[in-house]
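A.B. asks: Need coordinates for the below:
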Amino acid sequence: MRSGLALAVAALVLTLSGGTADDKKDDKPRDPDLTKLQGKWKIVYHETAGEVDTEKHKWTMEVRGDRYTFAGCEQKLTGRVRIDSTKKPKQVEYATDEDGGVQEYSGIYELDGDSYKTCDVEKGKDRPTEFKTKDPTGQVAVWKRVKVKD
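C.D. replies: Okay, the predicted model is just below:
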């Protein structure tokens, strides 16, 4: 009986902390910027390969723990985000689950209050060092936090 109660309490703690029982054991504490990134965001600016294409990219993003969901353009993509705020510039990596495979991106980010700016490329290409899209796979995105109305 006690072990069942202990498991229930552990599951509740994991749920409230944003983790799941399937998460790998990781002794590293969550990056403070990942905590700040939690919640819903909408894209307000997007460019690909140096061309502004905001109107084509009406995406929203929701971050829970280290998982995210992108929704828009009649698509829904899920995956895992990893960030490192100790690097200069700060680094981000996305792994998107797509059709049984994983598409990976690496880049840089800035997080300032309710504004989140990224610049990334397909993983394996040179990680950007500034918010410009030189590579054909490069993209810059500016997100604003979606405020929850009371």
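A.B. asks: Run through the bridge partners of the residue sitting nearest the centre point of the chain.
C.D. replies: For the chain, the residue nearest the mean C-alpha position is residue 81 (4.2 Å; C-alpha atoms, centre = their mean). Bridge pairing for residue 81 (DSSP bridges) gives the partners residue 94.
A.B. asks: and residue 76, what is it in contact with?
C.D. replies: 69-70 (C-beta atoms under 8 Å, 6 or more residues apart in numbering). C-beta here means a position set from N, CA and C on the backbone, and glycine is covered the same way.
A.B. asks: residue contacts, the residue nearest to the centre of the chain?
C.D. replies: Contacts of residue 81 by C-beta under 8 Å, 6+ apart are 34, 37, 63, 66-68, 92-94.
A.B. asks: repeat that for 6 Å
C.D. replies: Shown in contact with residue 81 (C-beta atoms under 6 Å, 6 or more residues apart in numbering): 66, 68, 94.
A.B. asks: How about residue 91?
C.D. replies: Applying C-beta under 6 Å, 6+ apart to residue 91 gives the contacts residue 84.
A.B. asks: Need the per-residue pLDDT for the residue nearest to the centre of the chain.
C.D. replies: Listed pLDDT for residue 81 reads 95.
A.B. asks: The one 3 residues further on too?
C.D. replies: Among the per-residue scores, residue 84 holds a pLDDT of 97.
A.B. asks: Could you give the number of residues near it?
C.D. replies: Residue 84 has 13 neighbours, counted by other C-beta atoms under 10 Å.
A.B. asks: Can I get stretch 37-53 in CSV, CA atoms only?
C.D. replies: The C-alpha trace of stretch 37-53 is given here as CSV (Å, rounded to 0.1, in the frame of the first residue of the first chain):
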residue,chain,number,x,y,z
LEU,A,37,10.2,30.0,-21.6
GLN,A,38,7.3,28.0,-20.2
GLY,A,39,3.9,28.9,-21.6
LYS,A,40,2.3,30.0,-24.9
TRP,A,41,4.0,32.2,-27.5
LYS,A,42,3.0,33.5,-31.0
ILE,A,43,5.2,34.4,-33.8
VAL,A,44,5.4,38.1,-34.8
TYR,A,45,8.3,38.0,-37.2
HIS,A,46,9.9,35.3,-39.3
GLU,A,47,12.5,35.1,-42.1
THR,A,48,14.0,32.2,-44.0
ALA,A,49,17.3,32.5,-45.9
GLY,A,50,17.2,36.3,-45.5
GLU,A,51,13.7,36.8,-46.9
VAL,A,52,10.9,38.0,-44.6
ASP,A,53,8.0,35.6,-44.7
